[in-house]
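1. sequence first, then the predicted structure, then my questions.
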Amino acid sequence: MQQSFFNQLQNRLENQLPFVAYRKPNETSVYAILQKNDALNYCQDFTNSGFVFSPFENIENAIIFPLNQSEIIEFKDEIILDETEHSQSNFNLENREKAKQFHVNLVENAVNAIKNESFKKVVVSRVEQSPFNSSETILLFKRLLNNYKTAMVYCWYHPKVGLWLGATPETLLKIEGNRLQTMSLAGTQPYVNTTDVTWQNKEIEEQQFVTDFIVDSLKPLINTVSTTKRQTIKAGQLLHLQTKISAVFDKANFNFKNVLKALHPTPAVCGLPKATAKDFILKNENYNREFYTGFLGELNFTQTKSRNTNRKNVENNAYQSIKTVTNLFVNLRCLQIKNNQALIYVGGGITKDSNPEKEWEETVAKSLTIKSLL
Ligand SMILES: C=C(O[C@@H]1C=C(C(=O)O)C=C[C@H]1O)C(=O)O
């Protein structure tokens with residue numbers, strides 16, 4: 001069963017056919033959406049059903065694998081790796097000093113721009129390269145599934161676009177019927193045996209910027225927005241601060257694309273104010289983020305739920321409800337595979353109190369989420 005599911009993915013890579021395979025956080029099923037042709041479809045008004053993959057910069061270029069042009073397959077069991085399949089962790093550490101110098105400089109420039117009051121927060125990032133045998137892509141996907149059960153783990157491929165994998169801890173938006181949920185995620189420290197940790201003001205403030213931005217952006221579009229208490233969550237070997245945000249909306253006045261435009265990119269991956277921070281990123285990072293810090297996931301899926309799962313009789317059908325469900329995630333802790341190279345993308349939020357050396361270390365720690373499995 002495991003063999004046949006993953007072999008199908010392998011075949012699609014070899015035959016250059018588009019697909020995405022993914023497992024949502026804390027779920028057991030891995031789904032694969034196999035597009036039946038190699039057309040490149042865009043989301044346009046976001047009213048269609050399918051799997052979305054959007055770049056950071058422009059959601060008009062968000063790609064969709066439409067459900068009505070795809071076959072869906074499912075794999076339900078535990079992912080088992082045999083001894084030879086575990087990571088040898090042989091990634092290279094060349095050019096470290098040069099990359100570090102560039103990043104430290106970038107952070108210093110960001111802190112200066114913040115002190116000159118150009119903006120309050122900006123997320124700066126970089127890309128690291130490591131040789132990678134692309135025939136091991138599906139094996140890497142299995143390792144990600146095996147290691148990161150609480151993340152959205154995916155492998156996305158389109159012959160006209162590229163090959164991406166990741167294990168992201170961040171939800172952009174979840175919509176079930178008329179209920180919307182999102183989260184504010186920011187602040188990072190290494191996980192050392194406990195989630196009971198103290199956070200510095202820098203991290204608390206940085207995460208609060210994200211929460212306030214999300215709440216303020218949703219308010220004009222949705223009546224009531226509520227937030228939970230800030231908590232510490234574990235993602236791989238890292239801890240982050242998280243606040244859950246939820247809202248109930250009136251379906252008649254709801255425009256999903258407007259909500260998406262208001263939220264993306266959040267200050268968790270861009271900055272505040274959004275436009276100035278984005279401008280700084282585009283001018284000062286020396287590479288193209290492409291799909292890193294974009295978003296991905298299920299758009300307008302149909303979910304059938306029985307209200308009482310204990311009932312075994314046929315009557316039960318009367319209690320079924322059908323809902324439209326959207327589950328989008330921010331594309332973090334991800335890599336692109338290109339010409340037998342792994343391109344690993346990492347970044348972090350900068351505020352007036354950021355220390356450039358520490359920010360570099362934070363990106364190194366984040367890169368290990370992926371690099372420790374190469
Ligand atoms: C930008 C990244 O992560 C984001 C930035 C964080 C931070 O600045 O502390 C924490 C979680 C994410 O919202 C990344 O992983 O590349």
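-> Structure's in. What do you need?
2. what's the following helix or strand after the longest helix seen in the chain?
-> Assignment by DSSP state H gives helix 96-115 as the longest helix of the chain. On the C-terminal side of helix 96-115, the closest following helix or strand by DSSP states H and E is strand 121-131.
3. can you spell out which helices and strands pack onto that following strand?
-> Helices and strands touching strand 121-131, by 3 or more Cβ pairs under 8 Å, 6 or more residues apart in numbering; DSSP states H and E, are helix 96-115, strand 271-272, helix 274-284, strand 341-350, helix 356-371. Where you see a C-beta, it was placed from the backbone N, CA and C, and this is true even at glycine.
4. could you dump those into a markdown table and include mean pLDDT?
-> Listed next are those as a markdown table, based on pLDDT from 0 to 100:
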| stretch | mean pLDDT |
| --- | --- |
| helix 96-115 | 94 |
| strand 271-272 | 96 |
| helix 274-284 | 96 |
| strand 341-350 | 97 |
| helix 356-371 | 94 |
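5. quick one, which of these is nearest to Q242?
-> strand 341-350 (13.8 Å; Cβ to Cβ).
6. could you give the separation of the closest one from the chain centroid?
-> For strand 341-350, the distance from its own C-alpha centre to the chain's C-alpha centre is 12 Å (Cα atoms, centre = their mean, to the nearest Å).
7. which positions in the stretch 101-250 of the chain make contact with the ligand?
-> V123, S125, E170, L185, A186, G187, T188, H240 (Cβ under 6 Å from any ligand atom).
8. show me the contacts for the fourth one.
-> Read that as L185. L185 sits next to P169, E170, Q207, V210, I233, H240, L241, Q242, A268 when contact means Cβ atoms under 8 Å, 6 or more residues apart in numbering.
9. identify, from these, the entry nearest to the ligand.
-> For these, the closest approach to the ligand (Cβ to the nearest ligand atom) belongs to A268, at 3.6 Å.
10. quick check, N11 in a helix?
-> Yes - judged by DSSP: H, G, I helix; E, B strand; the rest coil, N11 forms part of a helix.
11. in strands, which of the contacts of L185 appear?
-> By the criterion of DSSP state E, membership of these in strands covers I233, H240, L241, Q242.
12. distance between stretch 35-44 and the chain's centre?
-> Per Cα atoms, centre = their mean, the centroid offset for stretch 35-44 relative to its chain is 21 Å.
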